[in-house]
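Enquirer: Sequence below, structure please.
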Amino acid sequence: MAARHPISLIALALTLAACAAPAIGTDPTTGDTVAPSTTAAPPETTQPPLTQPSEPEKGCSAAGLSSTPSTQDLPDDVADTRAAIVAAATGCDVEGLAALAAPQFTYSFGGSDDPAGYWNALEAQTELPSPLTMLVRLLDLPFGVIETEETTYYVWPSAHAFESWEAVPQTDRDALLEVYGAQDLQDFAAFGAYVGYRVGITDEGEWVYFVAGD
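Expert: Numbers count the residues shown, from 1 in each chain. Presented below is the predicted three-dimensional model:
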């Protein structure tokens, strides 16, 4: 739109077996072969304890991305909100990210009222675009401005500010290649508009949407 090396159990089993196996020897007084005792305890040995695999580090798709957004000529309130979104997303603070959203926030065209749960579910579906990565990367693309009678919206990517794909300048289309593939752009062209993930922040710094679709 963020190797483990467990102890070889085979090697450890061989070591324990070798330490526990009774030895066949010769009685020094009679010269007779002594059969191994089935009741004798194995010699005491000091074995390194088995180490339990460490817990996987908590992370998300945006964990390896920069927490400092690129410099853009934005109003202070918009810039502050954008920076806070990027910091929360790259810090994998999904609950904190949801807390930055405006009371009337659009993240899905479904009926859910749980953006954090929605994003976590999408992050777990590796075949889909990871929303936190998309969010951070889109906010690094050129922005556009949508003005209505009530509000001015700063939107990412800039292609979202145009009503049709034909109206999107080539430079703005090329910028999308930082996030999308050429086939995606062909799909937008076929549809007639940019319908990928987009982000909207009002001129007062309210984060009002992060959503994909038509």
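Enquirer: so where do the helices sit in this protein?
Expert: 9-20, 76-90, 94-99, 115-124, 131-138, 170-176, 182-191 (DSSP state H).
Enquirer: Could you save those helices as JSON lines and add columns showing mean pLDDT?
Expert: Listed next are the helices of the chain as JSON lines, based on pLDDT from 0 to 100:
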{"stretch": "helix 9-20", "mean pLDDT": "35"}
{"stretch": "helix 76-90", "mean pLDDT": "98"}
{"stretch": "helix 94-99", "mean pLDDT": "97"}
{"stretch": "helix 115-124", "mean pLDDT": "93"}
{"stretch": "helix 131-138", "mean pLDDT": "96"}
{"stretch": "helix 170-176", "mean pLDDT": "97"}
{"stretch": "helix 182-191", "mean pLDDT": "97"}
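Enquirer: deepest of those, which one?
Expert: helix 131-138 (a mean of 23; mean count of other CB atoms under 10 Å). All C-beta atoms are positioned from the backbone trio N, CA, C, and that covers glycine.
Enquirer: quick one: contacts for the nearest residue to residue 130 once chain neighbours are set aside?
Expert: Spatial nearest neighbour of residue 130, excluding adjacent residues (CB to CB, 6 or more residues apart in numbering): residue 61 at 3.4 Å. Residues near residue 61 by CB atoms under 8 Å, 6 or more residues apart in numbering: 2, 123, 130-133.
Enquirer: Residue 66 too?
Expert: 86, 90, 136.
Enquirer: repeat that with 10 Å
Expert: For residue 66, the contacting residues are 86, 90, 136, 140, by CB atoms under 10 Å, 6 or more residues apart in numbering.
Enquirer: next one: residue 160
Expert: 138, 141, 143-144, 146, 153, 168, 172, 193-200.
Enquirer: Which PyMOL command selects the buried ones in those residues?
Expert: Remark: buried members of the contacts of residue 160, expressed as a PyMOL selection using 16 or more other CB atoms under 10 Å:
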select buried, resi 138+141+143+144+153+168+172+193+194+196+197+198+199+200
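Enquirer: between the contacts of residue 160, which is closest to residue 108?
Expert: Relative to residue 108, the closest of these is residue 197; by CB to CB it sits at 11.6 Å.
Enquirer: do you know how far that closest one is from residue 72?
Expert: 18 Å (CB to CB, to the nearest Å).
Enquirer: repeat for residue 209
Expert: Residue 209 is 19 Å from residue 72, by CB to CB.
Enquirer: Angles on the backbone of the spatially most central residue of the chain, please.
Expert: Geometric centre of the chain, nearest residue: residue 61, 1.5 Å, by CA atoms, centre = their mean. Backbone geometry at residue 61, expressed as degrees, to the nearest 10, gives phi -70, psi -20.
Enquirer: tell me the pLDDT at it?
Expert: The pLDDT attached to residue 61 in the predicted structure is 92.
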